[in-house]
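In: What follows is a predicted protein model with its sequence.
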Amino acid sequence: MRVRRFEWKNAAATSAEVRVWALETWPTVNVSDIERAVRKSANRDETILELTARFDATETPPTSLRVDDAERVEALSKIDSELRASMELAAANIRIVAEAQVDLEPREIELPQGQSVEVREVPVGAAGIYAPGGRAAYPSSVLMCAIPARVAGVERIALATPPGPTGEVNPAVLAAAALCEVDEVYAMGGAQAIFALAYGTETITAVDVVAGPGNAWVREAKARVSRIVAIDSLAGPSELMVLLDGEIDPKWAALDLCAQAEHGSETSLVAVATNERVLNEVAVATERTAASRSGVADAPLALIRVPELSDAIDFANAFSPEHLELLVPDGAALAARVTTAGCVFSGAYSATAFGDYAAGSNHVLPTSRAGRFSGPLGPGIFRRKMATVVVPPEAAAKLAPHVDTLARAEGFPVHGESAMIRR
């Protein structure tokens, strides 16, 4: 674990300054290189299969992108019963939270001149879900993305996920797809999968929304296709900020930090405290924990000392972490002051891992300070608002002169005529 210490004095330090040291401390892949490479992807089956063979199915390249529907059903029937029970519990909690966010009833607004405007939500026609592969399989990401899409009322859900070296999709991912009633599964990963979902290929019909986490290549591809489809966010790499005092066992914080480090060496890990002794204890416990666990030792850890807990919240709001743990007795009071974190975990027992899997909140969250303007993935990503306007004759007579005045002021006199003829 690579540890570096910092001191946040007060809110006067700008968020830009925060980003400077963050970028210097946590190395990322060169985005310009990724951008150039992503541009080369094409929306053809042949290209997607070629890239899948090169990067994923290196031993037994697949001959077809689409995974047979029967494989999902079979995977669900064969997975370990304990895993299935945990999946079903997580799915139920995710569904409850998602359903609470959907506004199914249209709202009709009557205006003073007599016209009415009805605002209603309708689901998009098709959603593309991306579940990462590579370091691990992510059936949890299938649950987190597909359930809100289904709750939103999306008619068609297509899942893209990288196959393993033998060309087969992980059984747990297929089982999750069956549990969520995903309509189509495609064995493809990386930037090419995002392009295939957005533009379509000979086999794949293009979708309206692309959602799901991924690496820097996936993120850049989502940025590119956002011109023609909606995306949830540009999520990743993972981030965790832990605010703590001397009352919690540092081993708990260490495990929380190392758990996020499992997502890769670009994970941003931050521990914040007012006491130097607490930071030292967390650093020692985290390094010791990382040394005895595989796959977490390369992640960087920043230790931030602040004068007061209120300064810690100012820092958190400036940094906008994906996950923010408030491992302090007054966590609820402090949580009310947080405005930019992707998800807040309040209290000593509220580890980020619960939100990653089974608490019911969504683990697809804004990163890289995107929490300033976006939030967790939910059914709203897969729904859009529509307005229906009804203007009766009496309302038209009242509104037309105002429309005419405004239209002429903008240089569009025919707009005004279109309204005035209805007086």
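Out: Sure, I can see it.

In: Need phi/psi at residue 202.
Out: Taking degrees, to the nearest 10, you get phi -60, psi -30 for the backbone angles of residue 202.

In: That one and residue 48 touch, don't they?
Out: No - counting by C-beta atoms under 8 Å, residue 48 is not a contact partner of residue 202; they are 9.8 Å apart. Quick note: C-beta positions are derived from backbone N, CA and C, even for glycine.

In: between those two, who's got more neighbours?
Out: residue 48 (28 against 10; other C-beta atoms under 10 Å).

In: tell me which element the more buried one falls in.
Out: helix 45-55 (DSSP states H and E).

In: Against which helices or strands is that helix packed?
Out: Counting contacts by 3 or more C-beta pairs under 8 Å, 6 or more residues apart in numbering; DSSP states H and E, helix 45-55 packs against helix 190-199.

In: Packing partners of the helix it packs on?
Out: Here helix 190-199 touches helix 31-38, helix 45-55, strand 126-130, strand 156-161, strand 209-211, helix 216-225, going by 3+ C-beta pairs under 8 Å, 6+ apart.

In: Contacts made by the third one with the rest, please.
Out: If I follow you right, that is strand 126-130. The contact list for strand 126-130 (C-beta atoms under 8 Å, 6 or more residues apart in numbering) reads 141-142, 145-146, 149, 154-161, 182, 193-194, 197-198, 205-214, 218, 229, 382.

In: for the second one, same thing?
Out: For helix 45-55, contacts defined as C-beta under 8 Å, 6+ apart pick out 41, 61-63, 65, 162-163, 187-190, 192-193, 196, 201-204.

In: how about 10 Å then?
Out: Helix 45-55 has contacts (C-beta atoms under 10 Å, 6 or more residues apart in numbering) with 40-42, 44, 57-66, 133-134, 160, 162-163, 167, 186-193, 195-196, 201-204, 217.

In: relative to strand 156-161, how tilted is that helix?
Out: 40 degrees (axes from the mean of the first three to the mean of the last three C-alpha atoms, to 10 degrees).

In: and the next element down the chain from helix 45-55?
Out: Heading C-terminal from helix 45-55 (DSSP H and E), you reach strand 66-67.

In: Given that next one, what are its sheet partners and their directions?
Out: strand 184-187 (antiparallel) (DSSP bridges).

In: Name the residue most distant from the centre of this protein?
Out: residue 423 (49.9 Å; C-alpha atoms, centre = their mean).

In: and the gap between it and residue 137?
Out: As judged by C-beta to C-beta, to the nearest Å, residue 423 and residue 137 stand 65 Å apart.

In: Hmm, residue 168 is touching residue 61, no?
Out: No - with contact defined as C-beta atoms under 10 Å, residue 168 and residue 61 do not form a contacting pair (11.6 Å).

In: buried residues in the helix of greatest length in the chain?
Out: Criterion DSSP state H: the longest helix present in the chain is helix 81-99. For helix 81-99, the neighbour count (16 or more other C-beta atoms under 10 Å) marks 84, 87, 90-91, 93-95, 97-98 as buried.

In: Tell me which other helices or strands it touches.
Out: helix 69-78, helix 139-152, helix 171-179, helix 352-357 (3 or more C-beta pairs under 10 Å, 6 or more residues apart in numbering; DSSP states H and E).

In: Return the alpha-carbon coordinates of the third one using PDB.
Out: What it means is helix 171-179. Provided in PDB are the C-alpha atoms of helix 171-179 (Å, rounded to 0.1, in the frame of the first residue of the first chain):
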ATOM      1  CA  PRO A 171     -22.100 -18.600 -14.900                       C
ATOM      2  CA  ALA A 172     -22.900 -16.200 -12.000                       C
ATOM      3  CA  VAL A 173     -23.300 -13.300 -14.400                       C
ATOM      4  CA  LEU A 174     -25.600 -15.400 -16.600                       C
ATOM      5  CA  ALA A 175     -27.600 -16.500 -13.500                       C
ATOM      6  CA  ALA A 176     -28.000 -12.800 -12.500                       C
ATOM      7  CA  ALA A 177     -29.200 -12.000 -16.000                       C
ATOM      8  CA  ALA A 178     -31.800 -14.700 -15.700                       C
ATOM      9  CA  LEU A 179     -32.800 -13.500 -12.300                       C
END
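
In: Tell me which other helices or strands it touches.
Out: Where contact means 3+ C-beta pairs under 10 Å, 6+ apart, helix 171-179 is packed against strand 66-67, helix 69-78, helix 81-99, helix 139-152, strand 156-161, strand 184-187.

In: where's the last one relative to the chain centroid, distance-wise?
Out: Relative to the centre of its chain, strand 184-187 is centred 20 Å away, using C-alpha atoms, centre = their mean, to the nearest Å.

In: tell me the mean pLDDT for it?
Out: Across strand 184-187, pLDDT averages out at 97.

In: and stretch 138-149, how far from the chain's centre?
Out: Its chain's average C-alpha position is 11 Å from that of stretch 138-149, according to C-alpha atoms, centre = their mean.

In: ok, now stretch 354-369?
Out: Relative to the centre of its chain, stretch 354-369 is centred 8 Å away, using C-alpha atoms, centre = their mean.

In: and residue 106, what does it touch?
Out: 118-122, 385-388.

In: Please determine how far the spatially most central residue of the chain is located from residue 191.
Out: Centroid-nearest residue in the chain: residue 364, 2.9 Å away (criterion: C-alpha atoms, centre = their mean). Separation of residue 364 from residue 191 (C-beta to C-beta) stands at 18 Å.
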